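K.L.:
what shape does this take:
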Amino acid sequence: MRDISFDECQFVRSLNTFKIFQGRGRQKMEGFIPFFRWMDLSFLDYMTIRDLIEYGDYHNDIPLVIILMTMFSALQEGSLCLNLEKEKLLLRFPAELKERAMKIINDFLSSMSENKYERLITRNGDEYMPLILDESRGKMLLYFQKYYFHESRLAKRVEEFLAAEDSFKMPPQEIESILEEIYSDLCVIRIGKGRSPIMRDEKQVKAIQLAIGSQFSIISGGPGTGKTSLMVNILRCLVRSGIRSSDIVLGAPTGRAAQRMTEAIQNNITEIKKPSDEDLGLLDLKGNTLHKILRYMRYKNAFHYQDANPLPASVAVIDEVSMVDVVMLDTFLHALNPGKTKLILLGDKDQLPSVEAGAVFAEMIPDGMRAARFGNRLTVLQKVYRSGIHLLELAQQANQGALPSFQTVPFKTALSIESDQWAFIDPEGATEWKEHLYQWTKHHYIDPLSDGKKSYKELLMEAEEMSSEQLAASELGHDILHQIFVLVDQARILSIVRNGIYGCNWINALIAEYLIREFDTSPVDGTNSFSGAFT
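P.N.:
A predicted model of the protein is given here:
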């Protein structure tokens with residue numbers, strides 16, 4: 001059971017406010033309260049449950065309410081539907097609730113088999129009802145109508161892309177000629193400080209051939225497998241095959257991911273010894289969010305580009321597809337013409353999940369019999385080029401649900417570990433957390449660097465002595481700015497929440513305060529200029 005404070009009387013008053021139950025006293029509802037405590041649902045979820053109960057006039061049906069609560073809990077986990085098999089449903093409840101849960105499940109299934117929920121649930125997917133029961137795959141899957149509609153429509157659209165002929169056919173020998181050119185000494189992308197050329201890799205070549213020769217292709221790979229440079233090489237081949245860069249759209253689910261697509265093109269093209277005119281033309285390409293590409297119209301809650309008005313593009317590349325939910329991907333694909341627009345999906349099925357429900361990209365990656373339909377349109381990159389094998393091993397363990405063996409260390413020790421290492425520290429209170437943030441800021445921004453290079457603070461002091469015109473126009477100014485951004489890019493604090501003392505907003509504000517105190521004040525007594533931040 002979750003250890004949360006809870007006022008049962010307030011809960012009963014809330015239910016009366018929602019009008020979920022009528023004429024039921026506190027004692028009759030005691031068996032329901034533990035389920036409420038276990039399900040961490042939002043106020044809006046309960047308001048929606050109230051509306052559904054009122055719509056069907058099922059005010060006193062506790063089993064129905066608990067099943068609806070379980071559906072919202074499943075949505076929070078990313079599931080589009082609720083499997084109504086008893087064994088599957090029981091797994092969603094803690095051991096202490098299983099006996100009561102089994103009775104509730106039996107009561108619900110019995111009522112549903114007697115068609116008592118006909119005003120709320122339908123087995124006909126074409127019927128416009130709040131809940132859809134889908135039994136077409138040998139399972140009892142209960143959907144909210146919205147997700148059933150978009151999942152069914154998306155599946156049909158993907159099939160249309162799979163069946164579509166390539167809109168821009170090229171003979172294999174021409175593709176091979178283009179590949180030889182982009183991997184030649186003058187045209188190959190070079191990476192790293194030593195500007196090492198990207199070697200021709202069998203999997204990456206297969207991905208390029210698939211992207212050029214198919215109307216629909218999928219590329220999946222973990223960190224360091226070369227997805228970024230591969231995307232740029234695919235674009236280079238496409239423009240060499242005759243597709244104009246202005247007819248290519250680059251999309252991502254978030255603004256940051258879209259910006260990374262833009263940066264990838266800029267960084268990779270500038271690392272080519274002798275870029276062609278087609279390569280230089282790609283520098284005008286910008287990544288955008290899917291909403292911006294489709295031109296979302298807030299006043300209509302609709303998109304300018306859709307089925308009746310498809311996006312005028314020859315190629316659509318979507319990155320970080322694992323973060324795209326089923327509703328957005330369905331909407332985007334229905335704004336494309338499968339016969340005219342080549343679709344390329346890139347992502348990592350084990351990376352960030354979608355914000356809303358539906359892990360669409362993971363479902364496209366074959367696992368045994370699952371998603372075998374995509375087998376001949378899929379390239380999975382497995383060779384890791386990036387240093388950081390220990391961190392990748394940790395990520396693989398996390399993806400497999402395995403707990404790595406570890407011992408916690410003090411925060412100062414964790415700060416001093418070598419590159420490509422990881423450590424766990426003991427969770428502590430708010431005061432210690434502030435001190436840790438101060439230590440982290442001091443370590444990465446203030447302290448002198450051990451290799452003799454200039455620290456972030458020293459570089460800022462040098463930049464402060466120059467005018468903005470000098471920084472922007474002189475070689476020295478460019479070098480200082482480059483070093484500053486390199487240092488900033490070397491360290492990150494990742495948070496899974498936005499607000500609160502562990503949220504990114506609070507962390508950024510506190511670090512900014514530390515830096516302002518360091519750069520703007522000069523304590524006369526020699527004490528640490530950050531000390532006031534802890535009072």
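K.L.:
looking at the one helix or strand Asn233 maps to now, give me its mean pLDDT.
P.N.:
Asn233 belongs to helix 227-240 when elements are defined using DSSP states H and E. Throughout helix 227-240, pLDDT has a mean value of 94.
K.L.:
which other helices and strands contact the helix or strand that that helix is followed by?
P.N.:
The C-terminal neighbour of helix 227-240 among helices and strands, as given by DSSP H and E, is strand 248-252. Applying 3 or more Cβ pairs under 8 Å, 6 or more residues apart in numbering; DSSP states H and E, we find strand 248-252 packed against helix 227-240, helix 255-269, strand 287-289, helix 290-294, strand 315-318. For every residue, glycine as well, the C-beta is placed using N, CA and C.
K.L.:
what angle sits between strand 248-252 and helix 227-240?
P.N.:
Relative orientation of strand 248-252 and helix 227-240, computed by axes from the mean of the first three to the mean of the last three Cα atoms, to 10 degrees: 160 degrees.
K.L.:
closest to Ala463 out of the helices and strands packed on strand 248-252?
P.N.:
Ranking the helices and strands packed on strand 248-252 by their distance to Ala463 (criterion: Cβ to Cβ) puts helix 255-269 first, at 22.1 Å.
K.L.:
contacting residues around whichever helix or strand comes after that closest one?
P.N.:
Sequence-wise, the next helix or strand downstream of helix 255-269 (DSSP H and E) is helix 277-281. Around helix 277-281, the neighbours that count as contacts under Cβ atoms under 8 Å, 6 or more residues apart in numbering are Cys187, Arg236, Val239, Arg240, Ser245, Ile269, Ile272.
K.L.:
state the mean pLDDT of helix 277-281.
P.N.:
When the per-residue pLDDT values of helix 277-281 are averaged, the result is 93.
K.L.:
got it, and stretch 467-477?
P.N.:
For stretch 467-477, mean pLDDT rounds to 85.
K.L.:
and stretch 501-510, by the same measure?
P.N.:
Per-residue scores along stretch 501-510 average to 89.
K.L.:
how about stretch 124-132?
P.N.:
Mean predicted lDDT for stretch 124-132 stands at 91.
K.L.:
distance from the chain centre to that stretch, please.
P.N.:
30 Å (Cα atoms, centre = their mean, to the nearest Å).
K.L.:
sorry, back to before: show me which of the contacts of helix 277-281 is closest to Ala308.
P.N.:
Distance to Ala308 across those (Cβ to Cβ) is lowest for Ser245, with 27.0 Å.
K.L.:
quick check: closest non-adjacent residue to that closest one.
P.N.:
Beyond its immediate neighbours in the sequence, the residue positioned closest to Ser245 (Cβ to Cβ, 6 or more residues apart in numbering) is Gly281, lying 4.6 Å away.
K.L.:
number of residues surrounding that neighbour?
P.N.:
Burial of Gly281, expressed as a neighbour count using other Cβ atoms under 10 Å, amounts to 17.
K.L.:
immediately after the lengthiest helix in the chain, which helix or strand?
P.N.:
Longest helix in the chain by number of residues (criterion: DSSP state H): helix 145-163. Read in the C-terminal direction, the helix or strand following helix 145-163 is helix 172-182, with elements assigned using DSSP H and E.
K.L.:
and that next one, what's buried?
P.N.:
Applying a neighbour-count criterion of 16 or more other Cβ atoms under 10 Å, one finds Ile175, Ile178, Leu179, Ile182 buried in helix 172-182.
K.L.:
for the stretch 301-450 of the chain, which segments count as helices?
P.N.:
Along the stretch 301-450 of the chain, the segments classed as helices by DSSP state H, counting those that start in this stretch run 326-333, 360-364, 389-399, 411-415, 430-441.
K.L.:
in CSV: those helices, plus mean neighbour count, distance to His478 and mean pLDDT.
P.N.:
What follows is the helices of the stretch 301-450 of the chain, written out as CSV (neighbours: other Cβ atoms under 10 Å; distance: least, Cβ to Cβ, whole Å; pLDDT from 0 to 100):
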stretch, mean neighbour count, distance to His478, mean pLDDT
helix 326-333, 23, 39, 93
helix 360-364, 21, 39, 63
helix 389-399, 14, 32, 73
helix 411-415, 15, 31, 84
helix 430-441, 16, 26, 87
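K.L.:
can you list these in a markdown table and add distance to Ala163?
P.N.:
Putting the helices of the stretch 301-450 of the chain into a markdown table (distance: least, Cβ to Cβ, whole Å) gives the following:
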| stretch | distance to Ala163 |
| --- | --- |
| helix 326-333 | 14 |
| helix 360-364 | 16 |
| helix 389-399 | 33 |
| helix 411-415 | 53 |
| helix 430-441 | 53 |
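K.L.:
SS state for the closest residue in space to Leu481 that isn't next to it in sequence?
P.N.:
Counting by Cβ to Cβ, 6+ apart, Leu481 lies nearest to Leu471, which is 6.3 Å off, once chain neighbours are set aside. Local secondary structure at Leu471 is given as helix here, using DSSP: H, G, I helix; E, B strand; the rest coil.
K.L.:
among the helices of the stretch 301-450 of the chain, which is nearest Gly138?
P.N.:
With Cβ to Cβ as the measure, helix 360-364 is the member of the helices of the stretch 301-450 of the chain nearest Gly138 (17.4 Å).
K.L.:
so, low pLDDT: which residues of this structure?
P.N.:
Low-confidence regions of the chain, defined here as pLDDT under 70, cover residues 1-32, 192-194, 350-372, 386-389, 399, 521-535.
K.L.:
strands of that one, start to end?
P.N.:
Along the chain, the segments classed as strands by DSSP state E run 81-83, 121-122, 131-134, 141-144, 190-191, 196-197, 216-221, 248-252, 287-289, 296-297, 302-303, 315-318, 342-347, 378-381.
K.L.:
between those, which one is nearest to Tyr46?
P.N.:
Taking Cβ to Cβ as the criterion, strand 141-144 is the member of these that comes nearest to Tyr46, at 15.2 Å.
K.L.:
give me the sheet partners of that closest one and which way each runs.
P.N.:
Sheet pairing for strand 141-144, assigned by DSSP bridges, gives strand 81-83 (antiparallel), strand 131-134 (antiparallel).
K.L.:
once you drop chain neighbours, what's closest to Ile198?
P.N.:
Ile189 (4.9 Å).
K.L.:
distance from stretch 424-434 to the middle of the chain?
P.N.:
Averaged C-alpha coordinates place stretch 424-434 at 27 Å from its chain's average position (Cα atoms, centre = their mean).
K.L.:
just the CA atoms of the helix holding Asn233, as CSV, please.
P.N.:
C-alpha atoms of helix 227-240 as CSV (Å, rounded to 0.1, in the frame of the first residue of the first chain):
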residue,chain,number,x,y,z
LYS,A,227,21.7,7.7,-35.7
THR,A,228,22.5,11.4,-36.0
SER,A,229,25.2,11.2,-38.6
LEU,A,230,23.2,8.5,-40.4
MET,A,231,20.2,10.9,-40.6
VAL,A,232,22.4,13.5,-42.2
ASN,A,233,23.9,11.0,-44.7
ILE,A,234,20.4,9.9,-45.7
LEU,A,235,19.5,13.5,-46.4
ARG,A,236,22.7,14.0,-48.4
CYS,A,237,21.8,11.0,-50.5
LEU,A,238,18.2,12.1,-51.0
VAL,A,239,19.2,15.6,-52.3
ARG,A,240,21.8,13.9,-54.6
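K.L.:
in that helix, what counts as buried?
P.N.:
Neighbour-count burial for helix 227-240, with 16+ other Cβ under 10 Å as criterion, is recorded at 227-240.
K.L.:
closest to Met461 among those?
P.N.:
Of all the buried residues of helix 227-240, Met461 sits closest to Thr228, with 34.0 Å by Cβ to Cβ.
K.L.:
and for the spatially closest residue to that closest one that is not a sequence neighbour, the neighbour number?
P.N.:
Nearest-residue entry for Thr228: Ala264, 4.6 Å, with adjacent residues in sequence omitted and distances by Cβ to Cβ, 6+ apart. A count of nearby residues for Ala264, using other Cβ under 10 Å, gives 20.
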